[in-house]
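Novice: quick check, what structure comes out for this input:
(chains A, B and C)
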Amino acid sequence: MRAPPAYTEYHPRWFRRRISTYWWLGQWSYLLFILRELTSVFVAYWVLITLLQISALKAGPQAHAQFQEFLRAPLLVTLNAISLLFVVFHAVTWFNLLPQVLVLRVGGKRLPGAVIAAAHYFGWGVVSAAVAWLLVGA
Amino acid sequence: MTDTITLEVARYQPETDAEPVFQSYQTPFRKDWVVLDALNYIKDKLDGSLSFRWSCRMGICGSCGMMVNGEPKLTCAVFLSDYAPGPVRVEPLRYFPVIRDLVIEWTDFLEKLKSVNPWIVRDQEKPLSEGEHLQTPAQLDAYKQFSMCINCMLCYAACPVYGLDSLFTGPAAIALAQRYNLDSRDQGAAQRMDVLSQHEGIWGCTFVGECTKVCPKHVDPAGAIQQYKMAAAIDRFQSLLMPWRER
Amino acid sequence: MGNRSNEPLLWGLFGAGGVVAAFLVPVHLLLTGLAFPLGWLEPRSYDSLLHLVRHPLARLYLFVLCSAPLFHWAHRFRFTLYDGLQIKHLNEVIFVFCYGAAVAGTVLAGYLLWSFP
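Specialist: Numbers count the residues shown, from 1 in each chain, chains lettered A, B, ... in the order given. Okay, here's the model as predicted:
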């Protein structure tokens, strides 16, 4: 493309490429990153459901039963299944990234990342089991 | 033919071009050649007008960073055989203005690096008569990884936040700030905290993590930034609870 | 030193919320969002659940479970809008929307859990 010379002797016209709105589609790792960030939306959705649930519990046995029925609707079940995938993705990426954030030294040597991550996965299992034990009836 | 390979090189000559275009070159394909060797072949034998930076050709000077097939690489460290049968697309480092062909304008990085005071800061200089600063292997270990940075800026080319946000200090500069913060001889952590934590400096980082993936020296700038954020958050929290505290 | 930025604190909230979300939200979602509605497991009866939630520790737990992840979302979504849609010029609107929603959710959770029959 011929254009009139547009540079001074000491300052040529630099080329600056504009970043596309879809920059995050350009690389697999960028897409995974955006999906990871979007997990927060599903976390917020779950908080909303929890707030509605507490409100229904407060309102009485009928409201509570109605809310249980609401949760059984196919749309809700599908939405919750997708949310579960995203929320688990959040937990997994969170625990896998923690070793880069937490630098713990034992006796002068740095704890290996795998140990830190494993400890968190173990804690996740323990906490989940405790919650399940409290919430599952009969 | 198995003994040549095609390189598609981005050309940008401001005196004639409005934007970069690709030009194809056929270079010999040798098993022990790196992309830089092919570029030098082009400059020596095919097209002397091609401009690019290089120096040590052994991965320590940080001059030859370019995008090879869309990934930030040191061209002296990637073999043509990794890209066989080709073509190999070579472009200037992403997220920087292009001066000419494969040469980028990196003053922004230099300014940001300077802003973090990347040197030993002392309240009081130790007089020569007292001898050198002593440091145990454990103290060296605390910051050694972050000191391996060769300022090649592959991390900047990998970081979308740097591309999107002109105020973001960027991976290498923050990692180097952290290198000095963690150095037992340094007393300038508070000073750097004021610069980095106050402004957009480090908070634009969303831990994409690409910088760590592309770093040829395994510096882990993403880790350095998150550790810095943690320190800054604790420091800010402490100043909230105990405003009279001296840093 | 001048005006101290609050970004470090907001990041701290994001981190705390992220920890709560990572450890607790998956199991809660699995149980009350899938296992109970689909009949894989039996939930507690209304009276039993009410009795459990009435306990002050349970209410505190639920408050943290609702509030912290909202602040995690607020910070993360704010930056996703900045970088994903490149609308950083709207940063005041985005800031108020995100943290406003988190505060609103926190207030609602506090109100719901404070007064229990």
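Novice: tell me the helices and strands packed up against the helix or strand where A:Phe122 lies.
Specialist: A:Phe122 belongs to helix A:113-135 when elements are defined using DSSP states H and E. Contacting helix A:113-135 under the criterion 3 or more C-beta pairs under 8 Å, 6 or more residues apart in numbering or on different chains; DSSP states H and E are the following elements: helix A:74-101, helix C:7-28. Backbone N, C-alpha and C define where each C-beta goes, glycine included.
Novice: how far does that helix sit from its chain's centre?
Specialist: The chain centre lies 17 Å from the centre of helix A:113-135; the measure is C-alpha atoms, centre = their mean, to the nearest Å.
Novice: so that helix versus helix C:7-28, what angle?
Specialist: Here the directions of helix A:113-135 and helix C:7-28 differ by 60 degrees (axes from the mean of the first three to the mean of the last three C-alpha atoms, to 10 degrees).
Novice: show residues contacting helix A:113-135.
Specialist: Residues from elsewhere that reach helix A:113-135 (C-beta atoms under 8 Å, 6 or more residues apart in numbering or on different chains): A:91, A:95-96, A:98-100, A:102, A:104, C:22-24, C:26-28, C:31-32, C:43-44, C:52.
Novice: buried sites along it?
Specialist: A:113, A:116-117, A:120, A:124, A:128, A:131, A:135 (16 or more other C-beta atoms under 10 Å in any protein chain shown).
Novice: OK, contacts around residue 80?
Specialist: Going with chain A. Applying C-beta under 8 Å, 6+ apart, one finds that A:Asn80 lies in contact with A:49, A:71, C:29, C:33-34, C:37.
Novice: sorry, should have said chain C
Specialist: By C-beta under 8 Å, 6+ apart, C:Thr80 lies in contact with A:34, A:37-38, A:40, B:206.
Novice: widest-spaced pair of the residues you listed?
Specialist: A:Leu38 and B:Thr206 (12.2 Å; C-beta to C-beta).
Novice: out of these two, which sits in the more crowded spot?
Specialist: B:Thr206 (20 against 17; other C-beta atoms under 10 Å in any protein chain shown).
Novice: mind checking how far the more buried one is from B:Gln178?
Specialist: To B:Gln178, B:Thr206 is 18 Å away according to C-beta to C-beta, to the nearest Å.
Novice: what's the answer for B:Glu105, then?
Specialist: Taking C-beta to C-beta as the measure, B:Glu105 falls 26 Å from B:Gln178.
Novice: A:Phe67 too?
Specialist: Between A:Phe67 and B:Gln178 the computed distance is 49 Å (C-beta to C-beta).
Novice: more neighbours: which of the two?
Specialist: For A:Phe67 versus B:Gln178, the count of surrounding residues by other C-beta under 10 Å is larger for B:Gln178: 25 against 19.
Novice: partner strands of the worst-scoring helix or strand of chain A on mean pLDDT, with direction?
Specialist: Across the helices and strands of chain A, the lowest-confidence element by mean pLDDT, DSSP states H and E is strand A:109-110, at a mean of 82. Strand A:109-110 pairs in its sheet with strand A:105-106 (antiparallel), by DSSP bridges.
Novice: what's in contact with the partner strand?
Specialist: Contacts with strand A:105-106, where a contact means C-beta under 8 Å, 6+ apart, come from A:Leu111.
Novice: what average pLDDT does that strand get?
Specialist: Averaged across strand A:105-106, the pLDDT comes to 84.
Novice: and it, how far from the chain's centre?
Specialist: Put simply, strand A:105-106 sits 29 Å off its chain's centre (C-alpha atoms, centre = their mean).
Novice: burial measure for B:Tyr41, as a count.
Specialist: The number of residues packed around B:Tyr41, counting by other C-beta under 10 Å, is 17.
Novice: now do the one 4 residues further on
Specialist: When neighbours are defined as other C-beta under 10 Å, B:Lys45 has 11 of them.
Novice: at the geometric centre of chain B, which residue sits there?
Specialist: Closest residue to the average C-alpha location of chain B: B:Met153 at 2.2 Å, with C-alpha atoms, centre = their mean.
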